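Student: Just need the structure, nothing else, for what follows:
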Amino acid sequence: MTHPFKDPTSSLVDVDWDDPRLQDLLQKIEGLRLDSRGTFKARSARLHLGLDVKSSADSSGVPVTVVADSGPGRLVIKTDFALQPGEPVTLERRLATGVGRLLQCDVERCQPGSRAEDHGQGVFVSWLREHRPR
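Tutor: Numbering: from 1, shown residues only. Prediction:
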């Protein structure tokens, strides 16, 4: 004897999806996007295309802003130019002690900035993955 399937959550929440108030609310929030800025304080850095940077005294890099630390070995930067996914780059960061640190990374992805303040400014956001020593 088989029993018809009954959704166990159906008795937990009584929602009238046709309620005009709910439909109005859903229409209002349809275009909203989450802003995952967090509490990271943006910091200036220099970006060098390629991995052949020998010393942090080399100032040939382009100024960029590190806008997020998205986990171990992953950083998000803001630039005024697009980077290509897979492109090797070296990020030169200044630590709080004033000492420079070079991070060799690959570009995971890059997209135009999507915040209101980015529009018309030529802002690009790139996700970097740091190389790990072998």
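Student: How many neighbouring residues does the closest residue to E108 other than its chain neighbours have?
Tutor: Excluding the flanking residues, the one nearest E108 by Cβ to Cβ, 6 or more residues apart in numbering is W127, at 4.3 Å. C-beta: built from backbone N, CA, C; applies to glycine. The tally of other residues near W127 (other Cβ atoms under 10 Å) stands at 19.
Student: again with H131
Tutor: Neighbours of H131 using other Cβ under 10 Å come to 13.
Student: For it, which non-adjacent residue is closest in space?
Tutor: Here the residue nearest H131, using Cβ to Cβ, 6+ apart, is Q104, at 4.4 Å.
Student: What helix or strand is the one you found located in?
Tutor: Assigned by DSSP states H and E, Q104 belongs to strand 100-112.
Student: what's the spacing between that strand and its chain's center?
Tutor: Put simply, strand 100-112 sits 11 Å off its chain's centre (Cα atoms, centre = their mean, to the nearest Å).
Student: Can you list the strands that that strand pairs with?
Tutor: Strand 100-112 pairs in its sheet with strand 88-94 (antiparallel), strand 124-130 (antiparallel), by DSSP bridges.
Student: Identify the residues contacting the residue nearest to E108.
Tutor: By Cβ atoms under 8 Å, 6 or more residues apart in numbering, the contact list for W127 reads 70, 74-76, 107-110.
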